[in-house]
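**Q** all I have is the shape, not the residue letters:
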């Protein structure tokens, strides 16, 4: 009598692609979620990189023009050409506050003036301009920090999302193994390999997000430092010219 061959145990013959093809519907849902996280993170990182590069170029050009220009009104008119740098927004807000302070002083005491055509600014007036610079800088940084929370969320959450898929996949593999008459490593290995794909996908989404987040935090700190330096330089110019 011929002996019937035992059924061949499932094996992964096509490497990673074959493992992906045998993933459960829950695993596909996890991979789809991780793909969304990854695509949005890469989109944010590319946009942030382009924005930071533009800010670096325009900030240097704007500061150079600010230092060379003989009149603040000329710099204010040129702010439209440098609207991509936060320094231009800070200057516009401070320049408007400066004009408001000068107009207020002229209306109160038009006969007193330290400079021809301009009343002298007091320390209180200078402090008002400083507060305007601080508010403008805070508003500009808030705009630049937009979407950074998504990178932080991706970096923190996606490894756990991938781990969830792995845990559920391993549970399914062992449940399926318990229904088999014979047990061996060849029987459980395909299920475990399929489950581990979600962990790898989670790390693939998280690692670039961590690197991008840290890099952009560093860039934002540099931009904030440049804004502080510009605010101090503007205040020094105002004190020399109108005090």
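**A** Ah, there it is. Model, not experiment: these values are computed from the prediction.

**Q** what sits against residue 45?
**A** The contact partners of residue 45, by C-beta atoms under 8 Å, 6 or more residues apart in numbering, come to 151, 208, 209, 212, 216. For every residue, glycine as well, the C-beta is placed using N, CA and C.

**Q** quick one, longest helix in the chain?
**A** Longest helix in the chain by number of residues (criterion: DSSP state H): helix 185-242.

**Q** and that one, what other elements does it pack with?
**A** Packed against helix 185-242 by the contact rule (3 or more C-beta pairs under 8 Å, 6 or more residues apart in numbering; DSSP states H and E) you find helix 15-21, helix 25-68, helix 86-108, helix 123-144, helix 148-178.

**Q** buried ones in stretch 80-98?
**A** 82, 85-95, 97-98 (16 or more other C-beta atoms under 10 Å).

**Q** from the residues you listed, which is closest to residue 236?
**A** residue 94 (12.4 Å; C-beta to C-beta).

**Q** so that closest one sits against residue 137, correct?
**A** No: applying C-beta atoms under 8 Å as the test, residue 94 and residue 137 come out as separate, 9.9 Å apart.

**Q** are there residues contacting both of these two? Which ones?
**A** In contact with both residue 94 and residue 137: residue 231, using C-beta under 8 Å, 6+ apart.

**Q** okay, the residue nearest the centre of the chain and residue 41: tell me how far apart.
**A** Per C-alpha atoms, centre = their mean, the C-alpha nearest to the average position across the chain is that of residue 148, at 3.2 Å. Going from residue 148 to residue 41 by C-beta to C-beta, to the nearest Å gives 11 Å.

**Q** and if you look at residue 125?
**A** Distance of residue 125 to residue 41, given as C-beta to C-beta: 46 Å.
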